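Undergrad: sharing a model prediction with you, sequence too.
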Amino acid sequence: MNATFWLGIAGIAGTLIGALLGPVLSERMRRSSVRTEQFSAQRLVVYADLLRVAARFADNAQTWAVHPLEDLVENESEELDRLFSQVRVIASSSVCEQVRNLERTVTAFNRQLAEAQPHHRRLLEASESGQGSGQDGLAVTQRMNLATAAEGVREAYRTLSRAIRREMQP
């Protein structure tokens, strides 16, 4: 048996293997591409929801900084927590870092709001019963601290928004 014979056998075997594996490899690559597209689409949906809810929270934080007893219909805390969980699963490391920063600022704001509300409620009740002006130094300080925390939420939102835009650019 000469080299031409073995070369012919190798050619036939290569053609057979190519004919059998070609469709398998092409289907595998197609599935991978579809998964990547689906993941990217899901990421975009979660990012859009997160930005919408975070923007609403940032706007409401500004309102709460001025009027801590304001009863806003939309309380985004639960929805934000759900979105934070989703983002931790699908976000890139740079976006995830910014989400953690937003989460910290939202938590700090909520903590300050929870501390301010009872005092403001007492002042309001005293004012309505004619026993006070509804203001004192602590109330003013709390509102100033809430305004600073609200601006922190707004800045964290802006930074997150920039990070998401950078990531989602083609």
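TA: On my side now, so go ahead.
Undergrad: so residue 132: helix, strand or coil?
TA: coil (DSSP: H, G, I helix; E, B strand; the rest coil).
Undergrad: after the helix or strand residue 99 falls within, next one along is what?
TA: In the assignment (DSSP states H and E), residue 99 maps to helix 93-128. Where DSSP H and E defines the elements, the next helix or strand beyond helix 93-128 is helix 137-168.
Undergrad: ok, residues contacting whichever helix or strand residue 83 is part of?
TA: Using DSSP H and E, residue 83 sits in helix 77-90. Identification of contacts with helix 77-90 by CB atoms under 8 Å, 6 or more residues apart in numbering yields 39, 42-43, 46-47, 49-50, 53-54, 57, 95-96, 99, 103, 106, 110. Every residue, glycine included, has its C-beta placed from N, CA and C.
Undergrad: kindly recompute the last result at 7 Å.
TA: 42-43, 46, 49-50, 53-54, 57, 96, 99, 103, 106, 110 (CB atoms under 7 Å, 6 or more residues apart in numbering).
Undergrad: tabulate those in JSON lines, adding columns for distance to residue 118 and neighbour count.
TA: Shown next, in JSON lines, are the contacts of helix 77-90 (distance: CB to CB, whole Å; neighbours: other CB atoms under 10 Å):
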{"residue": "42", "distance to residue 118": "41", "neighbour count": "13"}
{"residue": "43", "distance to residue 118": "40", "neighbour count": "20"}
{"residue": "46", "distance to residue 118": "35", "neighbour count": "17"}
{"residue": "49", "distance to residue 118": "32", "neighbour count": "16"}
{"residue": "50", "distance to residue 118": "31", "neighbour count": "25"}
{"residue": "53", "distance to residue 118": "26", "neighbour count": "19"}
{"residue": "54", "distance to residue 118": "27", "neighbour count": "26"}
{"residue": "57", "distance to residue 118": "21", "neighbour count": "27"}
{"residue": "96", "distance to residue 118": "35", "neighbour count": "16"}
{"residue": "99", "distance to residue 118": "30", "neighbour count": "24"}
{"residue": "103", "distance to residue 118": "24", "neighbour count": "19"}
{"residue": "106", "distance to residue 118": "20", "neighbour count": "24"}
{"residue": "110", "distance to residue 118": "14", "neighbour count": "18"}
